[in-house]
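> Provide a 3D model corresponding to the input given below.
(2 chains)
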Amino acid sequence: MNVIEVRELVRKFGDLTAVDGVSFEVKQGEIFGFLGPNGAGKSTTINMLCTLLRPTSGHATVNGYDVVTQQNAVRESIGLIFQDPSLDDRLTGYENLMFHAMLYDLSRPLFQERAAEVLEMVDLSDKADKLVQTYSGGMRRRLEIARGLLHRPKVMFLDEPTLGLDPQTRRHIWEYITRLRREEDLTIFLTTHYMDEAEICDRIAIIDHGQIIALDTPENLKALVGGDVVAVRTSDNELAARKLRAAFEIEPRPGPDGQLFIEVDHGDQFIPRLMTTLSNSRTPVEVQSINLRRPTLEDVFIKLTGRAIREEEADRARDHMRKRRRMFGGRSPHR
Amino acid sequence: MDTLRRNLKGIFTIWYRDLLRYIRDRSRIIASLAQPLLFLFVFGGGLAPAISGLAGGRLDFKQFMFPGILGMTVLFTSIFSAISIVWDREFGFLKEVMVAPVSRTAVALGKVAGGSTIAMIQGSIILLLAPLLGITLSVGQIVSLVLLMLLMAAMMTSLGILIAARQRSMEGFQMIMNFLLMPMFFLSGAFFPLQGVPQWMEWLAKINPVTYGVDALRRMALQGTIPAQFLDMLILHPLWVDAAIMAGFGLVFLVPAVWLFSKAE
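Below you'll find the model as predicted:
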């Protein structure tokens, strides 16, 4: 059964087409990921599915309800973790949950029972009566997850749930999310630009310039790249690339730190032939390092778009941190 | 029916949150009372000896100013409360509300209710100073004053929501402060009687919604302090006219405010 169905969804902002005819389905109980660089249309799509933005054209249903004509039914069916913090930091954790329960019309006993449950789940039971102001970034995120679960949504939307968090906190957040999927009958729709995080998805849509350019399981996507990736660093990458083209009809692509990436099947057998080709000639190229790895989603992205996702994203995370600092008025949000 | 009940609960929720935040924030309560006290006792106390001809010499300038200060407190608190919606937008809390199964109209009305209540409370705190100024108030007057402040607060909060409905940052706020709030305050008759002011000022005062609030508050607050024939010299309109005009202004602000807010993405 499909919990989300999207048909030819389009959203324009003036001349800019942020989402350009996107179609996909998300199945019940699935973790579905939207992967793409900044400005690819991920958040715009989520905002349309969550009824915060009206589509310019196209259709979308969530839990069987139309996102334009049945907004309230959609809103009751979904939980949402926004990219930016959306807690009231002058209130306690418990009060934030209470206001959520009031907005979603939960009865008081039901709220108390579920609040205890979700707080337990995200390990915040003992901090619930503290002002959110005093929470760390990771605690805030966990509280937001707890809040999003309070009304037992069918679908949980997570828009960059770990943006601006440190690696250890990121790992914790993912533990909660994977546990959620095990313990609740929940469909999870997430966007991320962290390639490693996308790995936990059952299926991933890679989105670029408002269009879905690939949609499959992480394994199948990685199979697009080929069997293995061989990364070499040489004394003369240009010459090495020419030799590879001539000998194997392979087009290597430049990677970070002066590496060359070569996609091949059976990389273990390819390496000796590569070494021979590079060193056995009148103009030998010195191989400084070599390693063999399985392709990552990053390789898939580069293969499909010709660009790396990471360079753009490094700037992005910095901007985000700056924004957070500005919002908290110089006060560190992590204390 | 269920939708109506839910939306009423939504209005109550937004109202309750604003109130809880207000009660929790002691420093804000104290800070917002500092300005009216400064005006009343320093400005008013300093000018009082120089201005002695009010109501045939029967009214001290501080007593004359007192209803103006009530109006000022209501005006500023209302607008600030309404504009906190921009703050919420910037900090993301508004998103949580916007995606809840509650209509935007309910959100806007809840905000108006919250801002009005807080402004009314702030005004009522100032009202406690009346005995210090030699103003005697009956229970009936106190109730009427609180209700008038609520009406005025609802009108001004609606204007605040109208201003804030589409605003995305606090940057334009200083402009609003300088070009809207201060003129509205000074042209309301809070500090000087509007009888006999230049023609242009009289016209501006007429289109200023705050004028009617201050006028009604002045009549109600000073009723027991000076005789009616002297009070009439300082009053512009009958009470019901002031109240009706405030209600009218309130609706004129509220309807487009709710509409703009519902349409905002």
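> any idea which element residue 10 lies in?
Assuming you mean chain A. Following DSSP states H and E, one finds A:Val10 within strand A:2-13.
> try again with chain B
Element membership of B:Gly10 [criterion: DSSP H and E] is helix B:2-24.
> check what contacts that helix and list those residues.
A:72, A:88, A:90-91, A:95, A:99, A:102-103, A:105, B:28-29, B:81, B:84, B:97, B:100-103, B:105-107, B:109-111, B:113-115, B:117-118, B:121 (C-beta atoms under 8 Å, 6 or more residues apart in numbering or on different chains). Every C-beta, even on glycine, is put in place using the N, C-alpha and C of the backbone.
> now B:Phe192: how far from B:Pro209?
18 Å (C-beta to C-beta, to the nearest Å).
> what about these two, which has more around it?
Comparing B:Phe192 with B:Pro209 by other C-beta atoms under 10 Å in any protein chain shown, the one with more neighbours is B:Pro209, at 21 against 17.
> so what's the residue count around the nearest residue to that one once chain neighbours are set aside?
Spatial nearest neighbour of B:Pro209, excluding adjacent residues (C-beta to C-beta, 6 or more residues apart in numbering or on different chains): B:Phe249 at 4.2 Å. As a burial measure, B:Phe249 scores 21 neighbours (other C-beta under 10 Å).
> state the mean pLDDT of the strand holding A:Val10.
Across strand A:2-13, pLDDT averages out at 94.
> for it, which positions count as buried?
A:3-4, A:6, A:9-11 (16 or more other C-beta atoms under 10 Å in any protein chain shown).
> repeat for stretch B:154-162
Of the residues in stretch B:154-162, those buried (16+ other C-beta under 10 Å) are B:154-162.
> distance from it to the middle of the chain?
In terms of C-alpha atoms, centre = their mean, to the nearest Å, the centre of stretch B:154-162 is found 9 Å from the chain centre.
> neighbouring contacts of that stretch?
B:74-75, B:78-83, B:85, B:108, B:111-112, B:115-116, B:119, B:209-210, B:213, B:246-247, B:249-250, B:253-254, B:256-258, B:260-261.
> redo that, cut-off 6 Å
Here stretch B:154-162 makes contact (C-beta atoms under 6 Å, 6 or more residues apart in numbering or on different chains) with B:75, B:78-79, B:82-83, B:108, B:111-112, B:115-116, B:209, B:246, B:249-250, B:253-254, B:256-257.
> cool, and stretch B:140-149?
With contact meaning C-beta under 6 Å, 6+ apart, stretch B:140-149 is reached by B:74, B:120, B:123-124, B:216-217, B:220.
> which of the residues you listed has the most neighbours?
Busiest of the contacts of stretch B:140-149 [other C-beta under 10 Å] is B:Val74, holding 32 neighbours.
> tell me who's in contact with the residue lying farthest from the centre of chain A.
For chain A, the largest distance from the centre (C-alpha atoms, centre = their mean) belongs to A:Arg282, which lies 48.0 Å off. Going by C-beta under 6 Å, 6+ apart, A:Arg282 touches no other residue.
> and for the one 10 residues further on?
For A:Leu292, the contacting residues are A:228, A:230, A:267, by C-beta under 6 Å, 6+ apart.
> from the residues you listed, which land in helices?
Among the contacts of A:Leu292, the members found in helices (DSSP state H) are A:Gly267.
> turn the contacts of A:Leu292 into a markdown table, including distance to chain B, pLDDT and neighbour count.
Below are those laid out as a markdown table (distance: C-beta to the nearest C-beta, whole Å; pLDDT from 0 to 100; neighbours: other C-beta atoms under 10 Å in any protein chain shown):
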| residue | distance to chain B | pLDDT | neighbour count |
| --- | --- | --- | --- |
| A:Asp228 | 43 | 86 | 19 |
| A:Val230 | 45 | 88 | 21 |
| A:Gly267 | 46 | 83 | 20 |
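> buried ones among the contacts of stretch B:154-162?
Applying 16+ other C-beta under 10 Å to the contacts of stretch B:154-162 flags B:75, B:78-79, B:82-83, B:108, B:111-112, B:115-116, B:209, B:246, B:249-250, B:253-254, B:257 as buried.
> skip ahead from the helix or strand that contains A:Trp174 and say which helix or strand is next.
Secondary structure from DSSP H and E places A:Trp174 in helix A:167-183. Next along the chain after helix A:167-183, taking DSSP H and E as the criterion, comes strand A:187-192.
> direction-wise, compare that next one with strand A:2-13 and give the angle.
40 degrees (axes from the mean of the first three to the mean of the last three C-alpha atoms, to 10 degrees).
> for strand A:187-192, the distance to its chain's centre please.
With C-alpha atoms, centre = their mean, you get 7 Å for strand A:187-192.
> could you point out the helix or strand that follows it?
As assigned by DSSP H and E, the chain's next helix or strand after strand A:187-192 is helix A:195-198.
> check the secondary structure at B:Thr225 for me.
coil (DSSP: H, G, I helix; E, B strand; the rest coil).
> for it, grab phi and psi.
phi -100, psi -40 (degrees, to the nearest 10).
> isn't it right up against B:Ile135?
Yes: counting by C-beta atoms under 6 Å, B:Ile135 is a contact partner of B:Thr225 at 5.2 Å.
> many thanks, we can stop here.
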